[in-house]
Structures are given as structure tokens and as C-alpha cells.
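Trainee: just need the structure, nothing else, for what follows:
(one chain, ligands or ions: 2)
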Amino acid sequence: MTVSLHSSLPSSLPSSLPADPDHLSRLLGDGGSDALSVWPRSARPEAGGDVSVGGVSLTEAADRFGTPVYVLDEQEVRERCRTYRAAFPQADVVYAAKAFLCRAMAHWVREEGLGLDVCSAGELALAVTTGFPPGKIVLHGNAKSPDDLRTALRLGVGVIVVDSASEIARLAAITPADARQQVMVRVVPGIAAGGHAKVRTGTDDQKFGLSIPDGSAQHAVARILDQPHLELVGLHCHIGSQIGSVKPYVAAVRRLIGLLARVRDQHGVVLPRLNIGGGHAIPYRPGEPSLDVGALADRVRAELADGCARARLPVPRLMLEPGRAIAGPAGVAVYHVLAVKRTGEHTFVAVDGGMSDNPRPALYGVRYAPRLIGRRSSAPPRTVTVVGRHCEAGDVLADEVELPGDVRPGDLLAVPAAGAYHLSMASGYNMVGRPPVVAVSGGIARVLVRRESLDDMSRRDVGL
Ligand SMILES: Cc1ncc(COP(=O)(O)O)c(C=O)c1O
Ligand SMILES: N[C@@H](CCCC[NH3+])C(=O)O
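Mentor: Ligands and ions are numbered 1, 2, ... in the order given. Here you go, the predicted structure:
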């Protein structure tokens with residue numbers, strides 16, 4: 001099966017709307033068929049250079065909610081959840097909340113049959129207080145605080161993924177005598193994969209997980225098996241983020257099966273579950289690769305079947321944790337241009353957001369594809385650098401992108417693929433306030449998370 005999350009527009013589009021990406025691009029005046037490939041599939045050109053998402057005009061959304069504003073296409077999120085469910089019908093798919101979490105998001109992924117991966121008491125409490133079943137939640141973290149662990153036990157999370165030796169004793173000490181907490185061990189399989197050095201977590205000698213070669217993973221397994229109130233249900237790995245190929249996952253599965261076999265040989269215990277984490281790549285600019293979820297499902301299933309047969313193990317139940325690939329492509333950020341500055345070599349287009357709502361270009365050098373919306377321009381394109389409003393020269397949102405040469409203050413710029421790791425990593429820098437999140441679906445816009453106000457910020461400042 002080959003299912004690409006980006007390959008086509010859904011067949012259920014209203015017939016009055018053009019369903020051919022080439023046609024959409026021509027209407028938008030940008031020529032190539034690739035131009036809309038990184039937008040939510042509901043994106044449509046509208047009169048006067050506007051674009052709608054989920055049937056809602058982005059220009060109107062900017063007017064109504066102010067800018068910067070993050071627009072999240074509910075159906076895109078739901079369809080992405082369904083793609084995973086269809087590709088992995090026998091597996092537990094849990095959405096990695098760190099990509100983006102709010103109450104509505106928790107509802108959507110639950111309604112689509114996914115579990116949730118959280119990594120703090122905060123993410124956990126938000127999910128549970130909004131009705132997410134705690135048994136479908138997995139708790140992660142390389143340094144879980146006492147509060148994280150206590151909250152997880154109190155609320156009854158399904159699985160805690162142990163990430164260090166010291167965590168085992170801490171967890172065992174606070175697990176109630178009449179309880180048995182299910183745990184997995186996070187293993188480092190020794191595989192380098194991921195879109196940037198800062199997001200590669202599959203190699204030894206780093207802060208995440210427990211190494212196989214130095215014996216830490218096996219040691220953790222033995223210690224957990226000694227704890228009467230902990231039930232070891234499987235192994236976990238998360239090899240990195242923004243991974244565009246299935247090969248590293250197959251290699252990771254092979255190594256984890258090796259460890260499952262050693263656990264069986266040493267302890268006589270057959271672990272029933274295997275969690276291969278998330279990390280599936282999405283394109284941020286037209287032409288960039290995405291991970292083929294169908295191919296991943298096929299190859300992982302085949303490797304599990306072969307590897308387990310060779311090791312004479314039953315095939316464990318699979319778990320996976322996509323974050324970015326569910327939320328990322330569903331989001332579009334909309335900014336107003338505040339200033340345009342031409343220097344000797346560059347044109348800087350400064351917008352009313354920046355690294356406080358999207359730190360990713362500054363952190364990983366990620367490149368985005370902003371576009372002018374809300375008016376048509378016939379001006380020839382110019383290569384510009386879209387920058388933010390923050391007090392850093394490195395506050396760049398999109399380096400070296402082509403925009404119409406007459407881009408000017410008051411214009412609107414929309415940045416697609418903005419749904420993951422923007423607002424969840426947003427900061428209070430310069431006290432500009434974090435932008436709102438507006439859900440769009442069926443022509444209706446509704447605020448999910450309101451804009452952070454000066455009042456919100458000043459209420460925390462309680463000293464004199
Ligand atoms: C343990 C774990 N699972 C899942 C994810 C989700 O990753 P992604 O959003 O790249 O799918 C992460 C973040 O990289 C993670 O650390
Ligand atoms: N935050 C990162 C990836 C790390 C994911 C969490 N382990 C990003 O924006 O791409």
C-alpha cells in the first residue's frame with residue numbers, strides 16, 4: 001500500500017470547487033502545480049487574491065481575529081488521523097501532543113480513534129480534564145518531575161515510558177501498593193535519522209533513552225522486572241523527527257526485535273508491545289519529501305513478521321506516535337507586513353510575528369514558503385527575506401523567498417505547514433503575546449485558543 005498524506009486532493013471536494021492543483025495554482029497566479037502542495041487540502045483561491053481554508057477566507061479571518069493568527073483546518077487534522085488508522089489498523093496510533101495541543105485537538109484525535117503521547121503533567125492534565133481517557137495516554141520524558149510521575153499515577157495513564165535508571169526507583173516508590181503501572185523502556189537503537197542534528201534521537205551518547213551497546217537498556221529491563229508494582233509491556237524508540245524515509249524505521253524495528261529476543265532469553269519474558277515513536281516528515285516547501293505512511297506500514301509490518309519469525313517471537317502489538325504529520329500541514333499562519341526595508345543586498349519584509357510564534361527557522365534553519373494573500377499583484381517577483389518583529393538579527397521567518405516585488409506594509413502573508421511546533425514552542429519574548437488559534441471547517445471559523453493579552457502576561461508578574 002502506498003498512501004501519501006500529500007499526494008492528492010480528497011475526492012469528496014464540493015464539485016463547484018476546482019479539484020486540480022494545477023488549476024488552483026493558475027488561479028492563484030503562481031504557475032507551478034506544486035504551489036499549493038504544502039497547504040491544507042481544502043485551500044482554495046478566492047477573488048482578489050484571497051485564499052480560503054476550510055471554506056473560510058484568510059483575509060476575513062485576519063480582519064476578524066487580528067494578526068498574527070494561526071488557522072487550523074479541522075478536517076485536515078481528522079483526515080490525517082484517519083490515514084494513520086487506515087494504514088495501521090492493528091496498531092495503537094497515539095498523537096504526539098508536543099506538536100500542538102489544545103482541548104479541541106484532544107477531542108479530534110480521540111474521536112478519530114487515536115491515543116495521546118504527552119510529556120508533562122501539564123499536557124496530561126489538559127487532555128484528561130477535557131475528557132481524554134487516561135488509559136489511552138502515554139507519558140514520556142527524559143527527566144520526568146515528581147509532579148509528572150505523581151500526576152500520571154493519580155490520573156491513571158496507560159503507559160509510562162521509562163527513560164533513565166533513576167526513574168525506575170522513583171516510579172516504583174510512589175506507585176500505590178494495590179496498583180501495577182504499565183511501563184515501556186525507551187531504547188536508543190543506534191540509528192542516525194532526522195531532519196536536523198538537533199532532532200536526531202536514535203544515536204547513542206545523548207540525553208534520550210537507554211543504550212543497548214553499553215548495557216543500560218538491558219539493565220533497566222532487569223530492574224523493572226524486579227519491581228512488583230511495575231509491569232513491563234514493551235520497548236520504545238523514537239529515532240528522530242522530520243524523517244523522510246522508511247529505512248531507518250525498518251532498521252530500528254530489527255534492532256528492537258533483537259533486544260526483545262535477548263529479554264526473552266535472559267528473563268523468560270515475552271514483551272507484548274513495540275513502540276516505534278514518531279518523526280514522520282512533512283514538506284514545508286513545495287517539492288520537499290514527506291514520509292509515505294502506507295509504505296511505512298507495509299515495511300514495518302513485513303520486518304516485524306520476518307524478524308519475529310526468525311527470532312521465534314510472537315509479533316508484538318505496534319504503537320506509533322506521529323505528531324508533526326498530523327498537525328503540521330493543517331495549520332496556516334497569517335501575518336501583516338509592518339515594514340519593508342531595502343538594503344544594499346537584501347529586501348527585508350518584516351511582519352507582526354516572528355520567532356516568538358515560530359522559533360523553527362532560528363533553531364533548525366527550516367525554510368518556509370510564505371505567500372502574499374488578499375490582493376493580486378502583477379509585479380515581477382523579488383527575492384526577499386521575511387523577518388519577524390523581535391530584537392534579534394536571527395529573527396528570520398523565511399529566508400530568500402520570492403514575493404511580488406511590490407509587497408508593502410499592510411499586506412498579508414500566509415505561511416503554510418504551520419500547525420506543528422510553532423505555538424507549542426512559542427515564547428513570551430518581547431511580550432508581544434502568543435497568537436490565537438482559529439479552527440476552520442465547513443465555512444465556519446471558531447476560536448480555539450484566544451490571543452494572549454497584556455493582562456494575561458501582567459497577571460503572572462506578582463512582585464514589586
Ligand atoms: C517520544 C516522541 N514521540 C513522538 C514524537 C513526535 O515526533 P514528530 O512530531 O516528529 O512525529 C517525538 C518528538 O520528536 C518524541 O520525542
Ligand atoms: N521541535 C522540533 C522537533 C522535535 C520534536 C520533538 N521531539 C521541530 O520543530 O521540528
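Trainee: what mean pLDDT does stretch 397-404 have?
Mentor: In this model, stretch 397-404 carries a mean pLDDT of 97.
Trainee: check stretch 255-271 too.
Mentor: 98.
Trainee: which secondary structure element of the protein has the lowest mean pLDDT?
Mentor: helix 21-28 (a mean of 45; mean pLDDT, DSSP states H and E).
Trainee: next secondary structure after it?
Mentor: For helix 21-28, the following helix or strand on the C-terminal side (DSSP states H and E) is strand 44-45.
Trainee: counting by contacts, list what the helix or strand just after that next one packs against.
Mentor: Next helix or strand after strand 44-45 toward the C-terminus (DSSP H and E): strand 51-53. Packing partners of strand 51-53 (3 or more CB pairs under 8 Å, 6 or more residues apart in numbering; DSSP states H and E): strand 44-45. Just so you know, the C-beta spots here come from the backbone N, C-alpha and C atoms, and that holds for glycine as well.
Trainee: elements contacting the strand it packs on?
Mentor: Counting by 3+ CB pairs under 8 Å, 6+ apart, strand 44-45 packs on helix 21-28, strand 51-53.
Trainee: adjacent strands (with direction) for it?
Mentor: strand 51-53 (antiparallel) (DSSP bridges).
Trainee: which residues touch the strand it pairs with?
Mentor: For strand 51-53, contacts defined as CB atoms under 8 Å, 6 or more residues apart in numbering pick out 28, 39-40, 42-46, 57-58, 71, 73, 332, 371, 373, 414, 440.
Trainee: 6 Å - rerun?
Mentor: Strand 51-53 has contacts (CB atoms under 6 Å, 6 or more residues apart in numbering) with P40, S42, A43, R44, E46, L58, V71, D73, V332, I373, V440.
Trainee: so the first one touches L72, yeah?
Mentor: No. Between P40 and L72 no contact is recorded; they are 8.8 Å apart, counting by CB atoms under 6 Å.
Trainee: which neighbours do those two share?
Mentor: Listed as contacting both P40 and L72 by CB under 6 Å, 6+ apart are A330.
Trainee: ok, now how distant is R301 from ligand 1?
Mentor: 19 Å (CB to the nearest ligand atom, to the nearest Å).
Trainee: wait, is that residue part of a helix?
Mentor: Yes. Looking at R301 with DSSP: H, G, I helix; E, B strand; the rest coil, it is inside a helix.
Trainee: for the helix or strand containing V128, packing partners?
Mentor: Per DSSP H and E: V128 is located in helix 121-129. Packing partners of helix 121-129 (3 or more CB pairs under 6 Å, 6 or more residues apart in numbering; DSSP states H and E): helix 146-155.
Trainee: just want the angle from the helix it packs on to helix 121-129.
Mentor: Interaxial angle of helix 146-155 relative to helix 121-129 (axes from the mean of the first three to the mean of the last three CA atoms, to 10 degrees): 20 degrees.
Trainee: count the neighbours of R375 for me.
Mentor: 16 (other CB atoms under 10 Å).
Trainee: count of neighbours near the residue lying closest to it once chain neighbours are set aside?
Mentor: Once flanking residues are discounted, R375 sits nearest to G49: 4.8 Å by CB to CB, 6 or more residues apart in numbering. Per other CB under 10 Å, the neighbour tally for G49 reads 20.
Trainee: same question for S377.
Mentor: For S377, using other CB under 10 Å, the count is 16.
Trainee: repeat for R262
Mentor: The burial count assigned to R262 is 15, neighbours taken as other CB under 10 Å.
Trainee: any idea how far it lies from G354?
Mentor: 49 Å (CB to CB, to the nearest Å).
Trainee: same check on M105?
Mentor: 24 Å.
Trainee: find the closest residue to ligand 2 in this structure.
Mentor: Closest approach between the chain and ligand 2, counting by CB to the nearest ligand atom: Y421, at 3.1 Å.
Trainee: and L171, how close does it get to V221?
Mentor: 14 Å.
Trainee: no wait, P381
Mentor: 57 Å.
Trainee: more neighbours: which of the two?
Mentor: Between P381 and V221, counted using other CB under 10 Å, the more crowded position is V221 (25 against 14).
Trainee: ok but that one is inside a helix, no?
Mentor: Yes. V221 forms part of a helix when assessed by three-state DSSP.
Trainee: ok, it - contacts?
Mentor: By CB under 6 Å, 6+ apart, the neighbours of V221 are V185, V263.
Trainee: same check on the one 10 residues further on?
Mentor: Counting by CB under 6 Å, 6+ apart, E231 touches R180, Q182.
Trainee: let's go with 7 Å and repeat that
Mentor: Neighbour list for E231: R180, Q181, Q182, V183 [criterion: CB atoms under 7 Å, 6 or more residues apart in numbering].
Trainee: A251 reaches A192, doesn't it?
Mentor: No. Counting by CB atoms under 7 Å, A251 stays clear of A192, with 10.1 Å between them.
Trainee: of those two, who's got more company?
Mentor: Neighbour totals were compared for A251 and A192, and A251 leads with 17 against 12 (other CB under 10 Å).
Trainee: check the secondary structure at that one for me.
Mentor: Strictly by three-state DSSP, A251 counts as helix.
Trainee: what sits closest to it if chain neighbours are left out?
Mentor: I191 (5.3 Å).
Trainee: what pLDDT does the one you found get?
Mentor: Looking at I191, the pLDDT reads 90.
Trainee: count the neighbours of it for me.
Mentor: Other residues close to I191 by other CB under 10 Å number 23.
Trainee: hang on, it is in a strand, isn't it?
Mentor: No. Going by three-state DSSP, the assignment for I191 is coil, not a strand.
Trainee: do you know how far it is from E303?
Mentor: 13 Å.
Trainee: same thing with R371?
Mentor: Taking CB to CB, one finds R371 at 40 Å from E303.
Trainee: between the two, who's got more neighbours?
Mentor: R371 (22 against 19).
Trainee: for that one, give the beta-bridge partners.
Mentor: A414.
Trainee: could you do H336 as well?
Mentor: L412.
Trainee: got a list of what it touches?
Mentor: With CB under 7 Å, 6+ apart, H336 has these contacts: T67, V351, D352, G410, L412.
Trainee: so what's the spatially closest residue to the third one that is not a sequence neighbour scoring on pLDDT?
Mentor: Closest residue to D352 in three dimensions, ignoring its sequence neighbours and counting by CB to CB, 6+ apart: H336, at 4.9 Å. At H336, the pLDDT value in this model is 98.
Trainee: swap in D204?
Mentor: 86.
Trainee: need the contact list for it.
Mentor: So D204 contacts V188, G190, S211, P213 (CB under 7 Å, 6+ apart).
Trainee: any idea how this structure splits into domains?
Mentor: 21-73+329-457, 74-325 (automatic domain parsing).
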